[in-house]
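Q: Here is the input, now give the coordinates:
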Amino acid sequence: MQLERYDLAMQIALLVLTALFQGGDAPKAKDVSALLTPIREAHDLPGMVCAVVQGETLVATGAVGVRKRGSPDAITIDDKMHLGSCTKSMTATLCARLVTEGKLAWDTRITDEFPELASKMDPAWLDVRLDQLLTHHSGAPANLDAGGLWGKLWTNKGTPREQRMALVVGVTSRPPEAPPGTKYIYSNAGFSIAGAMAERAMDKPYEELMRKYVFVPLGMTSAGFGAPGTIGKIDQPRGHREDGTPVEVGTNADNPIAIAPAGRVHCSIVDWAKYVSAHLVGEKKRDDGKQNLLSAAIFKKLHTPSGKDEPHYAMGWIVTERPWGGRVLFHNGSNTSWFAVTWISPEKDFAVLVATNQGGENADKACDEAASALIRDHLGLPDDAKPGADGKPKGPPEKTDAGKKDAGKKDAEKDDTEKKRDGNG
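A: Residues are numbered from 1 along each chain as shown. Okay, the predicted model is just below:
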């Protein structure tokens with residue numbers, strides 16, 4: 001009964017949050033498209049969108065360019081953008097909700113959810129916990145090449161749950177890349193195993209759980225999985241390769257379904273802002289009687305790095321310091337055909353989000369420059385100020401891939417990349 005009252009209070013509060021983003025008594029968001037125009041043009045990107053949130057209010061948005069290179073269809077703030085590895089914190093948020101309900105625990109082991117694998121997996125995996133998987137400290141590998149697993153995931157025709165189970169079996173049958181709990185290794189496989197654990201705990205597909213526990217409560221009506229759009233129609237943006245070539249919607253336009261918990265979410269920039277806002281205000285104890293998506297203590301858990309190694313990685317967030325924002329949360333994501341980045345400053349109570357429908361180095365730089373421009377504009381800093389000039393958090397090598405595509409697959413079949421390098425941010 002107590003849990004039911006909590007859920008009802010939360011649903012009412014989140015309806016209020018959704019109303020703030022959809023209009024109601026909130027002031028109309030400022031149009032900052034002009035800030036994006038020179039950046040998009042300088043880096044020759046097809047389209048670019050952005051948003052700024054202050055607390056629970058959407059205060060600025062912008063959209064410039066087109067949905068598909070060579071097409072006249074303008075990109076809009078309501079279009080669905082692929083978020084790549086920014087999916088990771090959403091998976092951690094799902095797991096946190098299940099922890100709150102008592103369906104999982106942070107110390108739930110892989111073998112607790114998959115006892116039938118205990119005799120088949122490498123012994124080093126036996127005590128690996130959920131919290132280690134969600135902080136890249138489980139020993140899960142940086143790529144899925146071993147034993148040809150990456151290629152097998154591309155050709156697996158099973159259900160989403162069956163495909164993720166194949167990943168769990170394939171990864172745990174080999175020794176971890178490092179002793180669990182000892183080393184940061186950026187791993188899409190680790191988050192995918194965590195998603196599979198949630199599936200087993202609830203006996204529901206990961207995608208269904210995300211809708212129930214994250215998307216629907218936050219009013220993220222545009223959220224879904226994979227490359228957005230309809231084949232043969234330019235009803236949503238198309239992703240573009242680094243050389244600017246459009247990528248048509250279809251099986252090869254995104255990563256295998258097996259790694260959905262690590263990087264297959266898409267949604268509009270406005271809906272993504274709702275999610276980011278939930279994390280922005282989540283650590284604060286409310287005095288207005290409203291209820292956040294999770295308790296302040298759980299949000300702090302999600303935002304607390306594991307270990308002292310760099311980057312300081314929490315559950316789907318890199319945590320660092322910036323002069324303009326104090327302690328900030330950061331993440332970016334790309335499936336090599338899109339790029340997205342967000343910076344959150346709980347101390348200054350604001351966050352910026354940027355996304356583009358092209359992947360590669362220019363997209364990375366453009367999103368950084370746009371984020372810096374939004375930060376300067378929001379804080380009223382001079383144009384020559386560079387809020388992120390001291391660089392992104394130091395992380396692994398330039399690309400940490402889910403796994404390289406099978407040599408026999410088409411170029412459109414991509415691996416998820418996460419770039420964490422020095423640069424403007």
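Q: Can you show me the helices along the stretch 101-250 of the chain?
A: All helices of the stretch 101-250 of the chain, identified by DSSP state H, counting those that start in this stretch, fall at 110-113, 130-133, 149-155, 160-172, 188-202, 206-210.
Q: who does the third one touch, helix- and strand-wise?
A: Other helices and strands packing on helix 149-155, by 3 or more CB pairs under 8 Å, 6 or more residues apart in numbering; DSSP states H and E, are helix 160-172. All C-beta atoms are positioned from the backbone trio N, CA, C, and that covers glycine.
Q: Quick check: buried residues in the helix it packs on?
A: Going by neighbour count (16 or more other CB atoms under 10 Å), the buried part of helix 160-172 is 160, 161, 163, 164, 165, 166, 167, 168, 170, 171, 172.
Q: how about the nearest residue to the fifth one, chain neighbours excluded?
A: By that I understand residue 165. Nearest non-adjacent residue to residue 165, counting by CB to CB, 6 or more residues apart in numbering: residue 196, 6.4 Å away.
Q: Find me the pLDDT at that neighbour, would you?
A: Per-residue confidence (pLDDT) for residue 196: 98.
Q: So what's the residue count around it?
A: Close neighbours of residue 196, defined as other CB atoms under 10 Å, add up to 26.
Q: Could I get the contacting residues of it?
A: Residues near residue 196 by CB atoms under 8 Å, 6 or more residues apart in numbering: 113, 114, 161, 164, 165, 167, 168, 206, 261.
Q: before we move on, the earlier item: could the helices of the stretch 101-250 of the chain be laid out in a markdown table, adding distance to residue 361?
A: Output for these, formatted as a markdown table (distance: least, CB to CB, whole Å):
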| stretch | distance to residue 361 |
| --- | --- |
| helix 110-113 | 36 |
| helix 130-133 | 30 |
| helix 149-155 | 23 |
| helix 160-172 | 29 |
| helix 188-202 | 20 |
| helix 206-210 | 30 |
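Q: Of all those helices, which one is nearest residue 346?
A: Nearest to residue 346 among these is helix 130-133 (21.1 Å), distances taken as CB to CB.
Q: Could you tell me which residues within that closest one count as buried?
A: Counting neighbours by 16+ other CB under 10 Å, helix 130-133 gives 130, 131, 132, 133 as buried.
Q: Pretty sure the last one sits against residue 193.
A: Yes - the pair residue 133 / residue 193 is scored as a contact, 5.5 Å apart, by CB atoms under 8 Å.
Q: quick one: common contacting residues for these two?
A: With CB under 8 Å, 6+ apart as the test, residue 133 and residue 193 both reach 110, 140.
Q: Dump the contacts of residue 196 to a markdown table, plus distance to residue 152 and pLDDT.
A: What follows is the contacts of residue 196, written out as a markdown table (distance: CB to CB, whole Å; pLDDT from 0 to 100):
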| residue | distance to residue 152 | pLDDT |
| --- | --- | --- |
| 113 | 22 | 98 |
| 114 | 19 | 98 |
| 161 | 16 | 98 |
| 164 | 13 | 98 |
| 165 | 12 | 98 |
| 167 | 9 | 98 |
| 168 | 13 | 98 |
| 206 | 19 | 98 |
| 261 | 18 | 98 |
